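> Generate coordinates for the sequence data below:
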Amino acid sequence: NISHFDTYDSGSFRQFCGPAQVHKDLNTLYGLIVGIQADGHINDSEIGLLRAWIESVSSLQAKAPYNKFVAKINAIISDGIVTEEEAEDLIWLCKNYLDYNRNPYYDVITSSTQQLGGFLAGISADQTINIEELTALGNWTSNNAPMFKTWPFDTLLPAIERIQAERQLSANDHSELLTF
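Okay, the predicted model is just below:
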């Protein structure tokens with residue numbers, strides 16, 4: 001009876017994971033923001049991704065630092081438009097909180113993996129990855145080159161390099177990137 005396993009985890013362990021969970025959530029948010037603003041235009045699907053992030057932390061919204069991030073995101077999306085300046089402010093806030101010189105919870109590989117997950121979710125939020133987003137992904141890979149000797153980076157890098165060499169994004173390439 002596998003249904004027992006579906007309901008077994010009550011989440012009671014979360015009380016011991018608070019600070020690490022905060023860093024994971026903020027690493028993901030950082031990646032999301034960088035990803036959704038990669039093409040210079042943030043559309044409704046991408047704003048929906050920010051709303052989904054808020055929903056994913058709904059049980060923690062009253063606690064610091066979630067209360068600051070949720071308030072900031074709600075203020076940013078209240079008019080249905082996210083400007084480049086607003087996105088940059090949110091990126092700055094994430095970076096300020098995620099000072100890696102003081103992060104005792106995750107090493108740089110784990111943090112980068114969490115950010116990459118958010119970044120890929122951000123650029124694929126509207127189910128379209130355009131050339132600007134692909135260029136931003138290439139820049140991200142260049143800035144994080146040491147990570148690409150580890151999984152999952154090593155499986156993504158060949159696809160990015162191939163697409164950049166071809167200087168076009170085929171339907172197959174697009175589908176492949178969406179699977180990451």
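> and the gap between residue 45 and residue 124?
10 Å (C-beta to C-beta, to the nearest Å). Quick note: C-beta positions are derived from backbone N, CA and C, even for glycine.
> what's the helix or strand for residue 74?
helix 66-77 (DSSP states H and E).
> secondary structure class for residue 125?
Judged by DSSP: H, G, I helix; E, B strand; the rest coil, the three-state class of residue 125 is coil.
> From what I see, it and residue 50 are in contact.
No - with contact defined as C-beta atoms under 8 Å, residue 125 does not count as touching residue 50 (9.3 Å).
> Nearest residue to the middle of this protein?
In the chain, the centroid-proximal residue (C-alpha atoms, centre = their mean) is residue 118; its distance is 1.5 Å.
> now the helix holding residue 74, how far from the centre of its chain.
16 Å (C-alpha atoms, centre = their mean, to the nearest Å).
> repeat for stretch 127-141
That offset, for stretch 127-141, works out to 14 Å (C-alpha atoms, centre = their mean).
> Which positions within the helix holding residue 74 qualify as buried?
Neighbour counts over helix 66-77 (16 or more other C-beta atoms under 10 Å) mark 66, 69, 70, 73, 76, 77 as buried.
> Need the residues you listed in a markdown table (columns: distance to residue 110 and pLDDT).
Shown next, in a markdown table, are the buried residues of helix 66-77 (distance: C-beta to C-beta, whole Å; pLDDT from 0 to 100):
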| residue | distance to residue 110 | pLDDT |
| --- | --- | --- |
| 66 | 20 | 93 |
| 69 | 20 | 96 |
| 70 | 24 | 97 |
| 73 | 24 | 97 |
| 76 | 27 | 95 |
| 77 | 28 | 95 |
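> Residue 26: which of the residues you listed is nearest?
residue 69 (7.2 Å; C-beta to C-beta).
> so what's the nearest residue to residue 136 once chain neighbours are set aside up against?
Take residue 136 and drop its neighbours on the chain: the residue closest to it by C-beta to C-beta, 6 or more residues apart in numbering is residue 38, 3.5 Å away. Going by C-beta atoms under 8 Å, 6 or more residues apart in numbering, residue 38 touches 119, 122, 123, 132, 133, 135, 136, 137.
> Now render the residues you listed as CSV, adding secondary structure, pLDDT and neighbour count.
Listed next are the contacts of residue 38 as CSV, based on DSSP: H, G, I helix; E, B strand; the rest coil; pLDDT from 0 to 100; neighbours: other C-beta atoms under 10 Å:
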residue, secondary structure, pLDDT, neighbour count
119, helix, 92, 25
122, helix, 91, 26
123, helix, 89, 28
132, helix, 88, 13
133, helix, 87, 24
135, helix, 85, 13
136, helix, 90, 20
137, helix, 86, 25
